[in-house]
Structure formats: C-alpha cells, structure tokens
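> Got a sequence here, can you model it:
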Amino acid sequence: TFRGFAEDFAASVKVGLQVKLKDLAAIDPDSLVNGDGTCLYTITYAVFIVSTFTDGAPPPAVAPFADWLTDAVNDHRIPPSYLSHFRFAVFGSGNSEYGKYFNTFAKELEANFRKLGATRVCPLGLGDVDSGRLVQQFSSWSSSTLRSVKRFQKIAELKERGQARESQRLHDMEE
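Numbering: from 1, shown residues only. Sure, this is the predicted structure:
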C-alpha cells in the first residue's frame, strides 16, 4: 500500500533525521498561509508518496491539497519564490496501462512545487504497478532520495558554519 511505502521510507530515514508521517488528506490547505498570503509552511524537506486516481486526478481525499497548490501556482499575488525554502521529493505509484494518465498527479505535484520555487532533491520517481517491479522501483528511488536529502542537509550545515566554499562544492556536485 502507499501508506506502507511511506512508513517504510520514514523508518529508513529516521537515523539522523526528524521524520513525521502525514497524510495529505489530513492537511488543511488554509492552515498553510497567513491571512496576508505569506507562507506558514516551515517544513524544510518533504517526501510525497502518491497515487493517481481516475483520469489522472489526485485521489479524492487529497484533492483539496492538490487544488490549493494549483491555485497558488495560478494566483498572481503569490510570487514564484513562495516555496524557495522548501526541498521536496515525489514518488508516484501508477499503472502504465492508463497511458497518458500514468502518474499524472505525481507529475503535476512536482511541477507545481517547482513553479513555486521549491527545490527538488532527486528526480521524480514513477513506479509502475503493471511492470511487476513497483517495490524495486520504490526501493531504488528511496535510497537515492535519502542520499540526496543527507547531502542537502550537509550543505545547509556547512553554510550555517560559514564554510561557503565546501558547501558550494557539494552543491555543484548535485547539478
């Protein structure tokens, strides 16, 4: 299950990282912004493990969050740097038999975060149930994501300590 994937990933990153597992359906989008439209989203890193529902839509319970994010992208009052402090990764679990709708929500989620200035910490993971290799695809993606998150954290720690040259070297390795 997707929750099982999320729980496995959370367990694998607990060493040295603070991890909180949240269901997107439980997030009230209105709680993410102040009345003046400024972002309250203080999370630095987030990993999203999602599926796509009928005709490429997000699962119904997650639709309010997805709609909020799409609205934020299209709102001229929200600057393109709105989530510039935010680092994220997305893994989508889909079925390639659905053709153009394969992992649509994961793709849109990633694109919308990037349009709001967030930084992707690793390539979008697109798991395919039809391939029979979904668990292996997730395992490979999650290992890569964990390495990237740890690298980004190391860069942030070096910057905090004033070691700009070393942090720039690690950042350049990412690109």
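> what are the ranges of the helices in the chain?
Secondary structure of the chain (DSSP state H): helices at 2-13, 63-74, 104-115, 134-160, 164-174.
> weakest of the ones you listed by average pLDDT?
The stretch with the lowest mean pLDDT among the helices of the chain is helix 164-174, at a mean of 57.
> Around residue 135, count how many other residues there are.
12 (other Cβ atoms under 10 Å). All C-beta atoms are positioned from the backbone trio N, CA, C, and that covers glycine.
> State the distance from it to residue 91.
Distance from residue 135 to residue 91, counting by Cβ to Cβ, to the nearest Å: 12 Å.
> One more: residue 60?
Using Cβ to Cβ, one gets 20 Å for the distance from residue 60 to residue 91.
> Among the two, which residue is more densely surrounded?
Taking other Cβ under 10 Å, residue 60 and residue 91 do not tie; residue 91 has more neighbours (26 against 10).
> Show me the contact partners of stretch 48-66.
2, 5-6, 9, 23-25, 27-29, 88-94, 98, 100-106, 108-109 (Cβ atoms under 8 Å, 6 or more residues apart in numbering).
> Can you tell me which of these are classed as buried?
2, 5-6, 9, 24, 88-94, 98, 101-106, 108-109 (16 or more other Cβ atoms under 10 Å).
> Just the pLDDT at residue 79, thanks.
The model reports residue 79 with a pLDDT of 88.
> could you list every residue that touches it?
residue 117.
> For it, grab phi and psi.
Note on residue 79: its backbone torsions stand at phi -70, psi 150 [degrees, to the nearest 10].
> Over to residue 118?
phi -70, psi 160.
> From residue 145, how far out is it?
For residue 118, the distance to residue 145 equals 15 Å [Cβ to Cβ].
> okay, these two: which has more neighbours?
More crowded of residue 118 and residue 145, by other Cβ under 10 Å: residue 145, with 23 against 20.
> can you pull the contacts of the more buried one?
By Cβ under 8 Å, 6+ apart, the contact list for residue 145 reads 9, 47, 89, 91, 121, 122, 125.
> Narrow those to those in strands?
Those of these mapping onto strands are 47, 89, 91, 125, per DSSP state E.
> what bridges to the first one?
The residues listed as beta-bridge partners of residue 47 by DSSP bridges are residue 89.
> Check the contact between it and residue 106; I expect there is one.
No: between residue 47 and residue 106 there is no contact under Cβ atoms under 8 Å: 11.9 Å.
> anything in contact with each of the two?
Here residue 47 and residue 106 have 90, 91 as joint contacts, going by Cβ under 8 Å, 6+ apart.
> Quick check: the two most widely separated of the ones in strands among the contacts of residue 145?
Among these, the pair separated by the greatest distance (Cβ to Cβ) is 47 and 125, at 9.8 Å.
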